[in-house]
Each structure stands twice: as C-alpha cells, then as structure tokens.
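# sharing a model prediction with you, sequence too.
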Amino acid sequence: MKYQHIAVFIRGHKRIWDYVKDNIFYSYDQIAENVDYYVSVWETFDLDLDKMKNDFEGRNLVAIMTGPLMEHFMDPWKSQSWLPYNLLPYKKIREREVTYDAVFDQRFDIALANYSSEGTSGINELENHPPFSPFVLEKNKLYSTVWPVTNVDPNGNKTHPHIKDYCFMAHSETFDLLCTRFDCHWDRVDNLEYFFAKWLQRNGIEAVFVKLFQAILCRPDICQSVTFPLIEIDVDKDVDLYNRLSNSFEIWRALSKEEKIKMCGKYHIDLEDYLDNLQWN
C-alpha cells in the first residue's frame, strides 16, 4: 500500500545533491504512487538551474526556483522556512487538482534509509509502524524521520527538546504553518534544534517520531567512500554502507580547510555551498 499523492519540498544549498538524488527519488517512489516535487535552492556562482531541472526528467516537478536573496531571511533559522514559503503559491494552485496525503520537507544533502528491523524505542513514537508504510497524518503534528526528537539523559528523563529540521513530514495545512516560522525572531539562534522545538510548542504542534525512513545528513567525504549510484540503503543488509554515511558529518568536520577545498574540487561540488563557519570548524 502506498500514498496516492505526496508533495516533497527540497530546499537549501545544492551541496551533494548530484550524489544522493537517485536515493531520494527511489525512497519517495517506495511510499507514493504520485510524487510532486517543489525545489528552492540558494543561487551560487556555479549553480546550473537548467541542469538541476533535468534531474527531474520523467518526474512531476511542479516548481523550481532560486531563493529570493533577502538578507533578513538568510540566517540559519529563517532560511529553512523562507525557502519553502516562496513555493507555497505553486502548492496552492496544484492543490486545486490533488489532495496531498502528506507533505515532506528536506534538505538537498541527505540520504534516506530504512530503520533497522530491531527498531528504536522513542518518545512520542508511532509504535509498531513498519518502514516505508503509509499512515494517516493528523493536523498540528510534525512527524520527524530523524531520531531523537528529544534529548534524553542516561536515566531516561527528558531534557530540553531538540527537533531536527532536515527531514520531516506534516499534514498539508500544518506544513503551510511551518513555512511561516521565519517570522519568529529569536535573540540568539545558536541552537536551532532547540528553538525549532520551542516554536512548535508555541504554535500547538506536537513533534512525533516515525520510522517511515531515516534521514542521514551527509557531507562531501561520502564521494570517496561510497559506490555510486546510491539508490537503496538497507540498514539490515549493508551495515558498512550505513556506517560510512552516518559517520560522514564527523569525518568532514575533522578535515582541514585545505582538504575540504581539494575534495570539493575533485568531486565537482560547489565550494560556495560550504563557506559558512560551521562547515570549516
């Protein structure tokens, strides 16, 4: 059983899209008969938007655009919702023809894998939900495909809630509200996951962990450690591949600036996408 119609919003810097796109397309095809794609990407000197459009050949690309370069909306907190917000008019028009069973929001630089059959016992988890199996979404809930939804101390007590925002799903109406969170001002945004959780609480949205699939944040070092094309990631069958992807973030952080520049050049990755301070640490 699959969803009939879903919408997938992909936003942010292009980063390693060329290396994970096949996996992303494959994963959404596993859960839906019809997938509408909406893309908002930051413009860089080397970005070829026409080439990116060709990546969606044979798929239903409803809209693709470069994010409006307004400095006020370009900080790490606001940009994550500002980019999909600019795609909402296209979604509204499309919804005159179809009803979305679910709307997904994700970055360009993630790979999607199944959860291990052993599972993970989580807080606010949809219990006994099989991977890649559809379910009915409720309004005023954010369904996170990334564990953990909250931080837990060694004794099992909840600490400050932290919600990762690089891959989640929501009811269509709830998704529209999520796209307005750029309008909320925080005096500091050094812990985006914590402030995302606070915003959800303020707006009456419950965060729920769901094992539909898991999102793995990847960095350019996967280009030299993974065989491409990268399509299916089965955690139970290929533990080594899963570990290489999962360790990517820390491996990348440990590289020197010179090593990162060399790696981006070797694998034709836009260096401008990795110039922020966090990535060079």
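Alright, I've got the coordinates. Residues are numbered from 1 along each chain as shown.
# show me where the stretch 1-150 of the chain has helices.
Secondary structure of the stretch 1-150 of the chain (DSSP state H, counting those that start in this stretch): helices at 17-31, 49-55, 76-85, 88-94.
# closest one to residue 202 among the ones you listed?
helix 76-85 (14.0 Å; C-beta to C-beta). Using the backbone N, CA and C atoms, a C-beta is placed for each residue, glycine as well.
# just the C-alphas of that closest one, formatted as PDB.
The C-alpha trace of helix 76-85 is given here as PDB (Å, rounded to 0.1, in the frame of the first residue of the first chain):
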ATOM      1  CA  PRO A  76      20.300  29.600   9.600                       C
ATOM      2  CA  TRP A  77      17.000  29.900  11.500                       C
ATOM      3  CA  LYS A  78      14.900  31.800   9.000                       C
ATOM      4  CA  SER A  79      16.200  30.400   5.700                       C
ATOM      5  CA  GLN A  80      14.900  26.900   6.500                       C
ATOM      6  CA  SER A  81      11.300  28.000   6.200                       C
ATOM      7  CA  TRP A  82      11.800  31.100   3.900                       C
ATOM      8  CA  LEU A  83      12.800  28.900   1.000                       C
ATOM      9  CA  PRO A  84       9.700  26.600   1.000                       C
ATOM     10  CA  TYR A  85       7.500  29.500   1.900                       C
END
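# now do the contacts for the spatially closest residue to residue 74 that is not a sequence neighbour.
Using C-beta to C-beta, 6 or more residues apart in numbering and skipping the chain neighbours, the partner closest in space to residue 74 is residue 82 (7.7 Å). Residues near residue 82 by C-beta atoms under 8 Å, 6 or more residues apart in numbering: 67, 68, 70, 73, 74, 182.
# tell me which entries of the residues you listed lie within strands.
Counting by DSSP state E, none of the members of the contacts of residue 82 fall within strands.
# follow-up on the earlier one: of the helices of the stretch 1-150 of the chain, which stretch is the most buried?
The highest average neighbour count among those, using mean count of other C-beta atoms under 10 Å, belongs to helix 76-85 at a mean of 21.
# if I look at the most centrally placed residue in the chain, how far off is residue 179?
The structure's the chain has its C-alpha centroid closest to residue 106; by C-alpha atoms, centre = their mean the separation is 2.4 Å. Look at residue 106 and residue 179: by C-beta to C-beta, to the nearest Å, they are 14 Å apart.
# for residue 45, same thing?
Distance, residue 45 to residue 179, by C-beta to C-beta: 28 Å.
# more neighbours: which of the two?
residue 179 (24 against 7; other C-beta atoms under 10 Å).
# would you map the strands across the chain?
Taking DSSP E as the criterion, the chain carries its strands at 3-12, 32-41, 60-66, 102-107, 110-113, 141-144, 150-152, 158-161, 167-170, 206-209, 214-217.
# with mean pLDDT and distance to residue 91 as extra columns, can I get those strands in JSON lines?
Shown next, in JSON lines, are the strands of the chain (pLDDT from 0 to 100; distance: least, C-beta to C-beta, whole Å):
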{"stretch": "strand 3-12", "mean pLDDT": "97", "distance to residue 91": "6"}
{"stretch": "strand 32-41", "mean pLDDT": "97", "distance to residue 91": "6"}
{"stretch": "strand 60-66", "mean pLDDT": "97", "distance to residue 91": "7"}
{"stretch": "strand 102-107", "mean pLDDT": "97", "distance to residue 91": "8"}
{"stretch": "strand 110-113", "mean pLDDT": "95", "distance to residue 91": "21"}
{"stretch": "strand 141-144", "mean pLDDT": "94", "distance to residue 91": "17"}
{"stretch": "strand 150-152", "mean pLDDT": "63", "distance to residue 91": "29"}
{"stretch": "strand 158-161", "mean pLDDT": "67", "distance to residue 91": "28"}
{"stretch": "strand 167-170", "mean pLDDT": "96", "distance to residue 91": "12"}
{"stretch": "strand 206-209", "mean pLDDT": "90", "distance to residue 91": "22"}
{"stretch": "strand 214-217", "mean pLDDT": "92", "distance to residue 91": "21"}
